[in-house]
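**Q** Please find the sequence and the predicted model below.
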Amino acid sequence: MDPDPQIDLLRKSIESVHRFIPEPPRRTREVNLDAGGVKAIRTTTPRSLEERHILYLHGGGYVMGSPREYRDFLWRIAHVVSARVLCIWYRLAPEHPFPAALDDAVKAYCWLLAQGAAPRRLTIMGDSAGGGLVLATLLRLRDAALPLPAAAVALSPWTDLALSGDSMHTNAGADPSMRVERARAFARHYLAGADPRHPYASPLYGELRGLPPILIQVGSDEILRDDSVRMADNLRAAGSPADIEIWPRMPHVWQLYARVLPEGRRAIAHIGAFIERELLRA
């Protein structure tokens, strides 16, 4: 299926800003890879340890986005966690609807395992739709009896494609980044007729037992705030450890603006401390 004109315009708009994204520090390495049939880029810094890995899943409503927009963010994560960060170009809707993105995330994870990555030194992380995809990937891995990572991090995750959270409406006038109408259109393109409450599309509705420790960060004024709050509540109710941080007045995925937002740098420091703690426990 071809993208509708609005999605095509959004994709072109994102691509137009690539040239303004700052270059990483000089000693950062960015290597293009084929991760089990999934195009990917691996980012490392001088602090990155060979045995530490992060699989990063970018946001974009499942219909747009790529690792290119994350160049100023991925090196920061690699640095603070002392890890090698693999960010993938998972397939996008509407050309490749659900569960294509999930299939690609699982392929890349299994590729990391096949390359010798130890699950106890591996973290899955993502933002927005990618944050929801992190949680869906954990469910799929668990259901397939595959080794789970030591930890996971979800930034402003989209966990409910049925859009049933109260904050979808109560925060509609406060969220500068997200609109309910756009989220509804993105969900329609990604689902392509699938049940919006399918756990692999909307992990909020899944059976959440047996998952590794998860850190969720979300802004208080986001329309997706309740996707995070309810997800954390459900994880804990199922016996899966979950930490949630609700940051006052922060926009959607503010961590990406760490270059200019002190709160972004502090949030990344929290992420580093969380992952360090869980890797030492694993």
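**A** On my side now, so go ahead.

**Q** okay, CA-based contacts and neighbour counts for the rest of this
**A** Noted.

**Q** Poorly predicted segments of this protein, please.
**A** Filtered on pLDDT under 70, the chain yields the residue ranges 1-3.

**Q** where exactly do the helices run in it?
**A** 5-16, 71-81, 100-114, 129-143, 167-170, 180-191, 225-237, 262-281 (DSSP state H).

**Q** Make a markdown table out of the ones you listed and add distance to Cys87.
**A** Output for those, formatted as a markdown table (distance: least, Cα to Cα, whole Å):
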| stretch | distance to Cys87 |
| --- | --- |
| helix 5-16 | 17 |
| helix 71-81 | 8 |
| helix 100-114 | 9 |
| helix 129-143 | 11 |
| helix 167-170 | 29 |
| helix 180-191 | 20 |
| helix 225-237 | 22 |
| helix 262-281 | 17 |
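
**Q** Nearest approach to Trp247 belongs to which of those?
**A** Among these, the nearest to Trp247 by Cα to Cα is helix 262-281 (8.6 Å).

**Q** Tell me which of the helices of the chain sits most buried.
**A** helix 129-143 (a mean of 24; mean count of other Cα atoms under 10 Å).

**Q** who does that one touch, helix- and strand-wise?
**A** Counting by 3 or more Cα pairs under 8 Å, 6 or more residues apart in numbering; DSSP states H and E, the packing neighbours recorded for helix 129-143 are strand 53-57, helix 100-114, strand 122-127, strand 151-155.

**Q** What lies in contact with it?
**A** 57-62, 101-102, 105-106, 124-126, 147-148, 152-159, 199-203, 206, 208, 210-211 (Cα atoms under 8 Å, 6 or more residues apart in numbering).

**Q** and the angle for that helix with strand 53-57?
**A** 120 degrees (axes from the mean of the first three to the mean of the last three Cα atoms, to 10 degrees).

**Q** Helix 129-143 vs strand 151-155, what angle?
**A** Calculated by the same axes, to 10 degrees, helix 129-143 forms an angle of 150 degrees with strand 151-155.

**Q** Send over helix 129-143 as CSV, restricted to the C-alpha atoms.
**A** Output in CSV follows, covering the C-alpha atoms of helix 129-143 (Å, rounded to 0.1, in the frame of the first residue of the first chain):
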residue,chain,number,x,y,z
ALA,A,129,5.6,4.0,19.2
GLY,A,130,9.1,2.5,19.7
GLY,A,131,8.4,2.4,23.4
GLY,A,132,5.2,0.5,22.9
LEU,A,133,7.2,-1.8,20.5
VAL,A,134,9.7,-2.4,23.3
LEU,A,135,7.0,-3.8,25.5
ALA,A,136,5.4,-5.8,22.7
THR,A,137,8.8,-7.3,21.9
LEU,A,138,9.2,-8.4,25.5
LEU,A,139,5.8,-10.2,25.3
ARG,A,140,6.7,-11.9,22.0
LEU,A,141,10.0,-13.0,23.3
ARG,A,142,8.5,-14.4,26.5
ASP,A,143,5.7,-16.2,24.6
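
**Q** For burial, what's the neighbour tally of the closest residue in space to Leu148 that isn't next to it in sequence?
**A** Nearest residue to Leu148, sequence neighbours excluded (Cα to Cα, 6 or more residues apart in numbering): Pro119, at 6.2 Å. Around Pro119 there are 20 other residues, counting by other Cα atoms under 10 Å.

**Q** which residues touch Pro119?
**A** 113, 147-150.

**Q** What is the burial count for Ala162?
**A** 16.

**Q** ok, now how distant is it from Ser13?
**A** Distance, Ala162 to Ser13, using Cα to Cα, to the nearest Å: 27 Å.

**Q** returning to what we had before: if you go by neighbour count, which of the contacts of helix 129-143 are buried?
**A** Buried members of the contacts of helix 129-143, scored by 16 or more other Cα atoms under 10 Å, are 57-62, 101-102, 105-106, 124-126, 148, 152-159, 199-203, 206, 208, 211.

**Q** Report the spatially closest residue to the residue nearest the centre of the chain, excluding sequence-adjacent ones.
**A** With distances taken as Cα atoms, centre = their mean, Gly126 lies nearest the centre of the chain, 1.6 Å away. Nearest residue to Gly126 in three dimensions, chain neighbours excluded: Leu57, at 4.5 Å (Cα to Cα, 6+ apart).
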